[in-house]
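A.B. asks: Kindly generate the corresponding structure for this input.
(one chain, ligands or ions: 2)
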Amino acid sequence: MEASRTPDSAALKRMIEAGRGIAPADLVIKGGRVFDLVTGDLMVGDVAICGDRIVGVGGAYQGAREVDARGKTVVPGFIDTHLHVESSLVTPGEFDRCVLPHGVTTAICDPHEIANVLGAEGLRYFLDWSTATAMDLRVNLSSCVPATHLETAGAALGAADLAPFADHPQVIGLAEFMNFPGVLFGDPDCLDKLVAFQGRHIDGHAPLVTGRDLDGYCAAGIRTDHEATGAAEAREKLAKGMTVLVREGSVSKDLHALASLITPDHAPFMAFCTDDRNPLDIAEEGHLDFLIRTAIALGARPLDAYRMASISAARAFGLRDRGLVAPGWRADLVLLDDLEQCRVSAVFSAGRLVDDALFATRREVAPVGRGSVKARPVAAADFASPGPGATTPVIGVIPGKIITEHLTLTLPYGGGERGVDLAQDVVKVAVVERHGRSAPGRGIGRGFVKGFGLKRGAIASSVGHDSHNITVVGADDADMALAVNRLGAIEGGFVVAEGGRVLAELALPVAGLMSLLPFEQVRDGLIPLRAAAKSLGVVLAEPFLQVAFLPLPVIPHLKITDKGMVDVDRFALIEE
Ligand SMILES: Nc1ncnc2[nH]cnc12
Ligand SMILES: [Mn+2]
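C.D. replies: Ligands and ions are numbered 1, 2, ... in the order given. The predicted structure follows:
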């Protein structure tokens, strides 16, 4: 939805009188226990609301409509400071329906997934939705499309391509600047974008960047980071003036490692984010409510956890109208049955009760990106892995992390080709360019990966951060080819194949990233997919998102793209 509208003098007069209690408010939330995130007080009292604004807190107010909040605790609406809506596997409209009821009244997204497939058309689609959702969906403009020169994306966005969107009311600034080597080495395209957004918010992405490199990265005006995976790394970033966004997604789970940093001193400079969270995890665990609950369970004070979820986040992103339950602030509110457990009872978004009726009032936005998978058919022979010898780099997967190990292992070798080695839990991985931008016989990167547990068949995904080529992991070349070709037939998504059969699949026809189905059906569709992957021996909790991160060459240490294996630390393709 659009940012808060500016009231005219008559409306403002009415707000003032309602706040003074000499005129009725539009809505009064009666008798709740208000959590004051400035003083830490918990105080029973009414919350008076006019339009989308809180006008009075405490004591007794009267209103045209009144909601009984006795026994509930009232806190400010939650702010997810960094996420990719596409990783929810549903459209922004369904993301709104799925996540707002968890208390997330503001979500700050980076649409670089769809932008890597569709370019500016993808940005327009998300911006159209951002003015239609019930939640306040804010957009940071994608800074790195493609993420690097080491891959083939479906589009490219330079500073000039971003300029037309910069003044959109829902745009905050520039999204995660992932090409941190490009920043540090002064890549001209990176500098153009950084110059264009100086003085505005610039989001960071600096995994394991430290010391003088971190100073240089921050000197560019980059203000946040969500890639810290250890307490020492996060603390250094705090000390350099960055806001640390503590992330707990479906693959990247950093909350346990960073929980010790959530202290009264640090909380004003920390926030929460999910980055990538699929609808099954949202259903099974929750969204930001889950992060708050977990942080408190790990020892954080409730005051610090709720500050991170609201006022700290709002200040870090320049959202000056929200983050407190106080007069004059935006009426984004969450009513809780339990403060420590963060059990959400009701949500108010800009003064409106979040329910089916509210979602029914939204304008729908037509989907884009149909037929986006343009990969040529492949055959088993395309996944042969020729090489000069038995020893080769192998990607080491770390459950719950998107950083990977750079292993060097000796594999079965014969006839000039390397084979899988199930005894070492090493199978093949390949990335097939699917934007129709490769010459025949080109556009397939081949390598090996350790840690999936896969013993048979193959699993394939058209979600492959961030260029979203097809990534396939397999123990059998023919099943790898079957899974890849099936993705072309269903316009993208996830496929599990074994013994020449498709065991399970989930179609994602919007740009090969999102479903057109309601989030409940996508959530339920993930269950047989996971079961099918598990039947092949896969041991990872979230195999499809873990596959999806193998091609992301801005996350250390060893990755793979359609151009081949990438040594991320050297920021270069590995030539054999
Ligand atoms: N953590 C991340 N960093 C960069 N790109 C991403 N796309 C999805 N998650 C991402
Ligand atoms: Mn990132």
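
A.B. asks: ok, which residues in the stretch 401-550 of the chain are in contact with ligand 1?
C.D. replies: On the criterion C-beta under 6 Å from any ligand atom, ligand 1 has as its neighbours in the stretch 401-550 of the chain the residues I402, H465, D466. To be clear about C-beta, it is placed using only N, CA and C from the backbone, and glycine gets the same treatment.

A.B. asks: Leaving out sequence neighbours, find the closest residue to A132.
C.D. replies: R363 (4.4 Å; C-beta to C-beta, 6 or more residues apart in numbering).

A.B. asks: now swap in E405 and tell me
C.D. replies: What sits nearest to E405 in space, not counting adjacent residues and going by C-beta to C-beta, 6+ apart, is G396, at 3.0 Å.

A.B. asks: With A259 instead?
C.D. replies: Distances taken as C-beta to C-beta, 6+ apart put L298 closest to A259, at 3.8 Å, once the chain neighbours are dropped.

A.B. asks: ditto for I555
C.D. replies: What sits nearest to I555 in space, not counting adjacent residues and going by C-beta to C-beta, 6+ apart, is I402, at 5.1 Å.

A.B. asks: any idea whether that neighbour is helix, strand or coil?
C.D. replies: coil (DSSP: H, G, I helix; E, B strand; the rest coil).

A.B. asks: can you pull the contacts of it?
C.D. replies: For I402, the contacting residues are V251, S252, F549, L552, I555, taking C-beta atoms under 8 Å, 6 or more residues apart in numbering as the criterion.

A.B. asks: ditto for A196
C.D. replies: A159, L162, A163, A166, L174.

A.B. asks: how near is the residue nearest to D304 when sequence neighbours are not counted to L245?
C.D. replies: Once its chain neighbours are removed from consideration, D304 has its nearest residue in A267; the separation is 3.7 Å (C-beta to C-beta, 6+ apart). To L245, A267 is 13 Å away according to C-beta to C-beta, to the nearest Å.

A.B. asks: Quick check: the residue nearest to D304 touching P302?
C.D. replies: No: A267 is not in contact with P302 according to C-beta atoms under 8 Å; the separation is 10.8 Å.

A.B. asks: Give me the more crowded residue out of these two.
C.D. replies: Relative neighbour count places A267 above the other of A267 and P302, with 22 against 19, counting by other C-beta atoms under 10 Å.

A.B. asks: measure the residue of the stretch 301-450 of the chain found nearest ligand 2 to A153 for me?
C.D. replies: Among all residues of the stretch 301-450 of the chain, I402 sits closest to ligand 2, at 8.4 Å; criterion: C-beta to the ion. Distance check for I402 against A153: by C-beta to C-beta, it reads 18 Å.

A.B. asks: List the buried residues for the helix or strand hosting V347?
C.D. replies: Taking DSSP states H and E as the criterion, V347 maps to strand 343-349. With burial defined by 16 or more other C-beta atoms under 10 Å, the residues of strand 343-349 counted as buried are V344, A346, V347, F348, S349.

A.B. asks: Over to stretch 34-50?
C.D. replies: In terms of neighbour count (16+ other C-beta under 10 Å), stretch 34-50 has its buried residues at V34, F35, D36, L37, G45, D46, V47, A48, I49, C50.

A.B. asks: ok, now stretch 351-359?
C.D. replies: Of the residues in stretch 351-359, G351, R352, L353, V354, L358, F359 count as buried by neighbour count, 16+ other C-beta under 10 Å.

A.B. asks: before we move on, what about stretch 56-73?
C.D. replies: With burial defined by 16+ other C-beta under 10 Å, the residues of stretch 56-73 counted as buried are G56, V57, G58, Y61, G63, E66, V67, A69, K72, T73.

A.B. asks: end-to-end on it?
C.D. replies: Terminal residues of stretch 56-73 are spaced 16 Å apart (C-alpha to C-alpha, to the nearest Å).

A.B. asks: how distant is that stretch from the center of its chain?
C.D. replies: In terms of C-alpha atoms, centre = their mean, to the nearest Å, the centre of stretch 56-73 is found 35 Å from the chain centre.

A.B. asks: Also stretch 108-127?
C.D. replies: Between the mean C-alpha point of stretch 108-127 and the mean C-alpha point of its chain there is a distance of 13 Å (C-alpha atoms, centre = their mean).

A.B. asks: Could you check which helix or strand contains the residue of the chain found nearest ligand 1?
C.D. replies: Taking C-beta to the nearest ligand atom, ligand 1 has its nearest neighbour within the chain at H465, 4.2 Å off. Secondary-structure assignment from DSSP H and E places H465 in no helical or strand segment.

A.B. asks: Would you enumerate the residues in contact with the residue of the stretch 251-400 of the chain at minimum distance from ligand 2?
C.D. replies: In the stretch 251-400 of the chain, the residue found nearest to ligand 2 is D275; the distance is 6.4 Å by C-beta to the ion. Neighbouring residues of D275 by C-beta under 8 Å, 6+ apart: H82, L83, H84, S87, H226, R247, G249, S252.

A.B. asks: Pull the most distant pair out of the residues you listed.
C.D. replies: When C-beta to C-beta is used, the two most widely separated members of those are S87 and H226, lying 13.1 Å apart.

A.B. asks: Could you count how many residues lie near the residue nearest to A259?
C.D. replies: When neighbours are counted by other C-beta under 10 Å, L298 comes out with 14.

A.B. asks: T408 now?
C.D. replies: Going by other C-beta under 10 Å, the residues that sit close to T408 add up to 9.
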